[in-house]
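Participant: The following block contains a protein sequence and its predicted model.
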Amino acid sequence: AEYETITAERRGAVTLVTLNRPKALNALSSKVLEDLIAAFAAFEADDTQRCAVVTGSGEKAFAAGADIKEMAEKPMADFYAEDMFSRWTSHFVKATRKPWIAAVNGFALGGGCELAMMADFVLAADNAKFGQPEITLGVVPGMGGTQRLTRAVGKAKAMELILTGRMMDAEEAERAGLVARVVPAADLLDEALKVAAKIAAMPPLATLAAKELVNAAFETTLDQGILLERREFHFLAGTEDKAEGMSAFIEKRAPEWKGR
Ligand code: HXC
């Protein structure tokens with residue numbers, strides 16, 4: 001499909017989504033949201049697609065935030081009536097069961113940092129910069145930043161970043177636990193596509209279960225989470241892919257997954 005503010009292409013079993021407003025540092029306008037929702041719905045519905053990568057076009061930014069020019073004149077009643085930003089979580093976290101990776105090049109600020117934190121994990125270029133500068137605009141993060149950043153890096157660093165609006169570089173973000181891995185900027189896209197292809201080659205049902213279970217760690221007590229894990233483990237024991245995976249290991253051959 002053709003989009004106005006992003007591109008989406010299928011590379012084997014991996015969907016590559018690129019935010020494509022480089023002149024505005026890929027600011028997340030309402031049109032970007034509509035385009036991303038459509039691209040994610042297509043990814044989720046397409047059985048040939050198993051993992052997605054989201055990145056930013058241009059050298060400078062993953063995304064420098066929600067579109068300030070669009071929000072500047074918008075009345076408060078519209079923010080409330082639209083329930084502004086609710087659809088980011090509902091579409092890219094709740095409705096997306098397949099895994100997706102944020103490949104962060106350059107600035108990931110405000111909504112850009114929050115979009116990255118909606119991903120299953122973040123791979124960062126060594127030039128990445130993360131921050132929640134909303135306080136400098138007279139507001140606070142509105143797409144999950146106060147909650148997801150705090151869960152990712154802990155209270156001390158989240159509070160400092162959100163109260164001061166300062167940015168942290170890729171190395172600090174990795175140390176703090178926001179980022180899975182840092183790679184040289186020139187290798188970011190190749191590396192992200194490589195990791196995504198590896199995930200895409202894993203057994204489909206176990207992949208969905210693994211993502212669901214790790215996310216459950218943020219929503220349940222330890223006891224409930226461990227019970228849910230055990231039940232999904234039991235459920236996977238009934239799949240054809242479990243029989244195939246274990247036979248392939250014993251027979252020293254590569255497994256062929258069916259997603260059954
Ligand atoms: C709209 C943006 C933008 C944004 C950058 N641009 N960020 N447009 N929304 N979030 C535009 C600039 O206006 C400029 O357009 C062009 O992109 C290049 O940006 P510059 O500022 O000239 O680049 P530079 O000097 O390199 O500075 C980079 C930067 C800075 C440090 C990232 O752009 C910046 O601070 N951006 C805003 C970051 C931010 O506050 N994000 C949080 C947004 S609020 P022109 O036309 O002038 O060339 C949010 C949710 C809160 O995300 C919602 C509450 C209402």
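Facilitator: Perfect, I can see it now.
Participant: just checking, G112 touches A63?
Facilitator: Yes - counting by C-beta atoms under 8 Å, G112 does reach A63; the two are 3.1 Å apart. To be clear about C-beta, it is placed using only N, CA and C from the backbone, and glycine gets the same treatment.
Participant: Touching both of the two, which residues are there?
Facilitator: 26, 28, 56 (C-beta atoms under 8 Å, 6 or more residues apart in numbering).
Participant: Of those residues, which is the most crowded?
Facilitator: N26 (31 neighbours; other C-beta atoms under 10 Å).
Participant: From the ligand, how far out is it?
Facilitator: Distance of N26 to the ligand, given as C-beta to the nearest ligand atom, to the nearest Å: 9 Å.
Participant: And for M76?
Facilitator: Counting by C-beta to the nearest ligand atom, the gap from M76 to the ligand is 10 Å.
Participant: which among the shared contacts of G112 and A63 gets closest to A77?
Facilitator: Distance to A77, by C-beta to C-beta, is smallest for L28 among these, at 21.3 Å.
Participant: What pLDDT is listed against that closest one?
Facilitator: Per-residue pLDDT puts L28 at 98.
Participant: who's in contact with it?
Facilitator: The neighbourhood of L28, defined by C-beta under 8 Å, 6+ apart, consists of 19, 63, 65-67, 111-112, 115.
Participant: For M159, pull up the helix or strand it's in.
Facilitator: helix 155-164 (DSSP states H and E).
Participant: So which bits of that helix are buried?
Facilitator: By neighbour count on 16 or more other C-beta atoms under 10 Å, the buried set for helix 155-164 is 157-158, 161-162.
Participant: Packing partners of that helix?
Facilitator: Helix 155-164 sits against helix 145-153, with contacts defined as 3 or more C-beta pairs under 8 Å, 6 or more residues apart in numbering; DSSP states H and E.
Participant: give me that answer again for 10 Å
Facilitator: Helices and strands touching helix 155-164, by 3 or more C-beta pairs under 10 Å, 6 or more residues apart in numbering; DSSP states H and E, are strand 129-131, helix 145-153, strand 168-169, helix 170-176.
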